[in-house]
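Q: Fold the following for me, if possible:
(one chain, ligands or ions: 1)
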Amino acid sequence: MHSFVNEWADEFSQINDAIQDKASESMKSIKANQMRMSTVFRGNNINDKKLAELMSWDFDILDTKIEQLIVHAFTIFDTWCTSDATPTETPAANPDMTGVEDNVLKSLAINKKKMKNFIGATHSNYHNDNPYHNFKHAYSVLTAVGIFLQNGVDAYCTQVDTLALLMASLTHDIGHPGMNNDFFVKKKHELAIRYNDAAVLENMHAALTFEILRMPENNFLCGWNQKDEQYRQFRKHAVAVILATDMKIHFELTSQLQGLKNKELDANSAQEKDLILSSTVHAADLSNPVLPTKIYWCWAYRVVLEFHKQANEEKRLGLPYAPFMEPHPDNEMELAKLQIGFIQFVVEPFWGTFGALFPRLYNFHYSKVHILRISTDAIFVLRYDRVEMLKLNLEIWKTKKAELDKIKEQKDAEEQAALENA
Ligand SMILES: [Zn+2]
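A: Numbers count the residues shown, from 1 in each chain. Just a heads-up that it's a prediction; the model follows:
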């Protein structure tokens with residue numbers, strides 16, 4: 001476990017510690033796609049077997065190249081948005097689409113080339129030097145949403161809703177500066193002023209998403225009539241689910257979701273649908289602790305490192321900081337405590353309810369047995385569904401904490417004995 005942790009610590013210590021004002025940068029200039037898409041996509045065809053591997057909880061995103069993830073992201077969009085549906089406007093009816101019929105996802109009249117550009121531009125507008133809030137995190141949320149759609153959430157979605165969910169999951173943190181809402185409010189930053197201190201970053205992510213989408217080279221909806229009900233629905237759901245990733249409304253969302261537990265689900269209820277769509281992206285955003293332990297551990301390290309950098313910056317600026325954000329993730333005791341609290345009070349109540357609403361998800365078993373070496377003296381063999389995996393990860397953190405407590409107790413006792421003998 002330690003080798004990769006040390007590698008990252010080195011990697012991130014090389015990043016200039018003077019925090020650039022990434023948020024202002026995202027507000028003022030939208031970056032053009034910095035990838036040459038024809039090169040990215042060349043020779044990267046994905047067959048059904050490969051797709052099944054991608055749509056799996058144990059696919060190691062952190063160990064995969066960005067170019068590959070961009071191709072995978074497009075494949076997920078392509079797969080979900082090509083089934084039967086009647087387009088409101090045929091591709092040929094729009095001048096932008098003429099001559100590119102082969103390059104169009106016909107069912108929704110989506111321009112494939114522009115969709116690839118959009119995904120490339122999305123990548124370019126993430127701050128990929130953030131330890132956590134970068135394109136790889138976005139891709140992990142996209143995959144989780146894809147898996148939810150395969151396991152019951154699709155009952156709530158038209159094809160337009162599906163497209164909105166997939167796009168929003170990929171862009172839900174776009175432009176994230178690596179500092180949370182609280183930082184911008186405390187700093188009285190121009191971003192907080194613009195959004196009146198409410199869901200500051202989430203508002204920025206949603207606005208930036210549509211600013212990138214409306215650029216002619218990225219506008220994969222150029223075949224749609226933008227005054228249409230179809231576009232209105234698409235935009236409404238995409239904006240709503242991005243705003244619902246604000247942790248400030250997490251507990252409200254959890255209690256609303258728990259309200260659905262003992263009633264028959266009704267996919268025709270607009271209110272219920274809005275709740276399920278928002279909960280889907282939020283559950284995906286909170287899905288690290290349901291992943292195989294080693295992958296989860298890597299994400300946990302990264303997010304805590306990002307917190308640590310923020311707390312350091314707040315100290316430097318003389319701003320108040322949250323004590324839980326201060327420890328460096330190399331402090332294993334603090335890392336374990338933080339994750340135990342996160343699972344017990346945040347993730348488990350939400351995921352437990354979400355998993356129970358979609359039994360196929362709840363009973364989603366691994367197709368193979370995983371053997372993990374958590375530490376030098378512990379090997380685990382796993383065959384669990386997601387909620388079981390969550391419980392197992394919690395137990396692993398608790399075991400780790402108990403081990404560290406014991407070591408500390410022994411050390412304290414030795415120090416005490418040395419003092420008494422002195
Ligand atoms: Zn996120």
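Q: rest of the way, CA atoms for contacts and neighbours
A: Fine.
Q: Just the pLDDT at residue 58, thanks.
A: At residue 58, the pLDDT value in this model is 83.
Q: A helix includes it, no?
A: No - judged by DSSP: H, G, I helix; E, B strand; the rest coil, residue 58 forms no part of a helix; its state is coil.
Q: in the helix or strand harbouring residue 389, what's buried?
A: Assigned by DSSP states H and E, residue 389 belongs to helix 386-421. Within helix 386-421, the residues that count as buried by 16 or more other C-alpha atoms under 10 Å are 386-394, 396-398, 400-401.
Q: Tell me how many other residues crowd residue 262.
A: 8 (other C-alpha atoms under 10 Å).
Q: Backbone dihedrals for it, please?
A: phi -100, psi 20 (degrees, to the nearest 10).
Q: What spatial separation is found between residue 176 and residue 123?
A: Here the criterion is C-alpha to C-alpha, to the nearest Å. By it, residue 176 lies 12 Å from residue 123.
Q: Among those two, which residue is more densely surrounded?
A: Neighbour count, other C-alpha under 10 Å: between residue 176 and residue 123, residue 123 has more, with 29 against 24.
Q: give me every residue that touches that one.
A: Going by C-alpha atoms under 8 Å, 6 or more residues apart in numbering, residue 123 touches 33, 70, 135.
Q: Beyond the one helix or strand it maps to, next helix or strand please.
A: If you go by DSSP H and E, residue 123 is part of helix 112-125. Per DSSP H and E, the first helix or strand lying C-terminal to helix 112-125 is helix 135-150.
Q: What average pLDDT does that following helix get?
A: Across helix 135-150, pLDDT averages out at 94.
Q: Quick check: closest non-adjacent residue to the residue nearest in space to the middle of the chain.
A: Nearest to the mean C-alpha position of the chain, counting by C-alpha atoms, centre = their mean, stands residue 141 at 3.6 Å. Setting aside the residues directly before and after it, residue 141 is nearest to residue 284 in space (C-alpha to C-alpha, 6 or more residues apart in numbering), at 5.1 Å.
Q: From what I see, that neighbour and residue 149 are in contact.
A: No - here residue 284 does not reach residue 149: they are 11.2 Å apart, not a contact under C-alpha atoms under 8 Å.
Q: Who has more neighbours out of the two?
A: residue 284 (23 against 20).
Q: Please, which helix or strand holds the more buried one?
A: Applying DSSP H and E, one finds residue 284 within helix 270-285.
Q: Residues in contact with the helix or strand that comes right after that helix: which ones?
A: Per DSSP H and E, the first helix or strand lying C-terminal to helix 270-285 is helix 293-317. Helix 293-317 is contacted from outside by 5, 19, 58, 60, 130-133, 178-179, 183, 288-290, 320-322, 325-329, 335, 339, 372, 374, 393, using C-alpha under 8 Å, 6+ apart.
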